[in-house]
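Asker: missing the sequence, but the structure's below:
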Ligand SMILES: NC(=O)c1cc2c(=O)c3cc(F)ccc3oc2nc1N
């Protein structure tokens, strides 16, 4: 690429990302997903590393750490909240399991779980007390949403034991809450949210936790950062034991042993997804045993022991009626 082309793209990205941030933080109406924003942000970071003299003070990369780009203070994650690599068909799943078993040199158990279409959250307890909640943010640095997450009924505020533990999961808005919320917004002449994910993101970013409380959000927890004092040594353990700690998990997980069983789960859940009370955008497949997860490790941005199978984009049937066909 020509240098001028790069510099034009750099400036275009600054303007785009600032617009997206404005939509997200100020208007509650993001027009791109977090992962689309992240991808553009990384492209800008790369271009600014190539042309440091072109870095502009308005660039979103110059704001990380201060609070101007978000009304929430920053929280540095104890361990980074990575993203999942994606798969789109049976071959991708087979390649994933082949790579895992080649790398480890033996077969493993997998856990398949629904990929909840919400936003990631990290929740920290100290001495068994709810003390903090944060968004994924850049993966290293998230936004402090402690007060807002505290309004979610299914998030325990006090554990039965004085545990120091961090749990991670997905905040979502049930379909029924989403329909009710949009009806109220339309009544009030406000633009409806495009989907439950945007509604959940907008609701959790409300500066006034009382507004968040009215939005009936919920959470499914799927991982944690904890010591050996917690007898959980695999993803299957986690899903079976988290409820004992009052940590809400999604019950539709299954242990699978190979890509055929995984694909069978994917097909069954793809059938069921419209009957669920919440939206899912795919299936997450994980190597279950934590020792195997550690042996597989991660790339810069994603764990090597997990993959997200994304459902194909749905054709939305639009019923075309009342159109005067002029012939
Ligand atoms: N949306 C989800 O329902 C969902 C998301 C993730 C992650 O984002 C995720 C990210 C990691 F780096 C590691 C494990 C994960 O597990 C996950 N499991 C889930 N069920």
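Answerer: Structure received. Predicted model, so just to flag it, every value in this text is computed and none were measured. Numbering: from 1, shown residues only.
Asker: so residue 281 belongs to a strand, correct?
Answerer: Yes: when DSSP: H, G, I helix; E, B strand; the rest coil is applied, residue 281 is found to be in a strand.
Asker: OK, now which residue of the stretch 51-200 of the chain is nearest to the ligand?
Answerer: Nearest residue of the stretch 51-200 of the chain to the ligand: residue 82, at 3.3 Å (C-beta to the nearest ligand atom). C-beta: built from backbone N, CA, C; applies to glycine.
Asker: got the phi/psi numbers for that residue?
Answerer: Per-residue torsions, residue 82: phi -80, psi 170 (degrees, to the nearest 10).
Asker: and for residue 220?
Answerer: phi -120, psi 120.
Asker: same deal with the one 5 residues further on?
Answerer: In this entry, residue 225 is assigned phi and psi values of phi -120, psi 110 (degrees, to the nearest 10).
Asker: so the residue of the stretch 51-200 of the chain closest to the ligand is in contact with residue 120, correct?
Answerer: No: using C-beta atoms under 8 Å, residue 82 makes no contact with residue 120, being 9.9 Å away.
Asker: ok, the closest residue in space to residue 224 that isn't next to it in sequence - how many residues close by?
Answerer: In space, and not counting its chain neighbours, residue 224 is closest to residue 167: 4.5 Å by C-beta to C-beta, 6 or more residues apart in numbering. Residues near residue 167, counting by other C-beta atoms under 10 Å, number 25.
Asker: isn't there a helix covering residue 167?
Answerer: No: the assignment for residue 167 by three-state DSSP gives strand, which leaves it out of any helix.
Asker: so who does it touch?
Answerer: Residues in contact with residue 167 (C-beta atoms under 8 Å, 6 or more residues apart in numbering) are 122, 123, 125, 221, 223, 224, 242, 247.
Asker: equivalent analysis for residue 216, please.
Answerer: Residue 216 makes contact with 173, 174, 177, 180, according to C-beta under 8 Å, 6+ apart.
Asker: filter the residues you listed to the buried ones?
Answerer: 173, 174, 177 (16 or more other C-beta atoms under 10 Å).
Asker: do stretch 219-238 and the ligand meet?
Answerer: Yes: with C-beta under 6 Å from any ligand atom as the criterion, the ligand is reached by stretch 219-238 at 222, 223.
Asker: and stretch 209-218, what's buried?
Answerer: Those would be 212, 213, 215, 216, 217, 218, for stretch 209-218 by 16+ other C-beta under 10 Å.
Asker: filter those by proximity to the ligand?
Answerer: Within those, nothing lies near the ligand by C-beta under 6 Å from any ligand atom.
Asker: so which of those sit within helices?
Answerer: Among the buried residues of stretch 209-218, DSSP state H puts 212, 213 in helices.
Asker: excluding chain neighbours, what is closest to the residue of the stretch 51-200 of the chain closest to the ligand?
Answerer: Nearest residue to residue 82, sequence neighbours excluded (C-beta to C-beta, 6+ apart): residue 302, at 5.4 Å.
Asker: how many residues are close by the one you found?
Answerer: 15.
Asker: and it, how far from residue 256?
Answerer: When distance is defined by C-beta to C-beta, to the nearest Å, residue 302 is 20 Å away from residue 256.
Asker: narrow the buried ones among the contacts of residue 216 to those in helices?
Answerer: Cross-referencing the buried ones among the contacts of residue 216 against helices under DSSP H gives residue 177.
Asker: okay if I get the buried ones among the contacts of residue 216 as CSV plus pLDDT and distance to the ligand?
Answerer: Shown next, in CSV, are those (pLDDT from 0 to 100; distance: C-beta to the nearest ligand atom, whole Å):
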residue, pLDDT, distance to the ligand
173, 96, 14
174, 97, 14
177, 94, 18
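Asker: next SSE downstream of the biggest helix by length in the chain?
Answerer: In the chain, with assignment by DSSP H, the single longest helix is helix 3-21. Of the helices and strands lying after helix 3-21 in sequence (DSSP states H and E), the nearest is helix 34-50.
Asker: any idea how far that next one is from the chain center?
Answerer: Here the centre of helix 34-50 is set off from its chain's centre by 18 Å, with C-alpha atoms, centre = their mean, to the nearest Å.
Asker: ok, and what's touching that helix?
Answerer: With contact meaning C-beta under 8 Å, 6+ apart, helix 34-50 is reached by 6, 9-10, 13-14, 16-17, 20, 24, 30, 32, 54-55, 59-61, 83, 119, 136, 138, 201.
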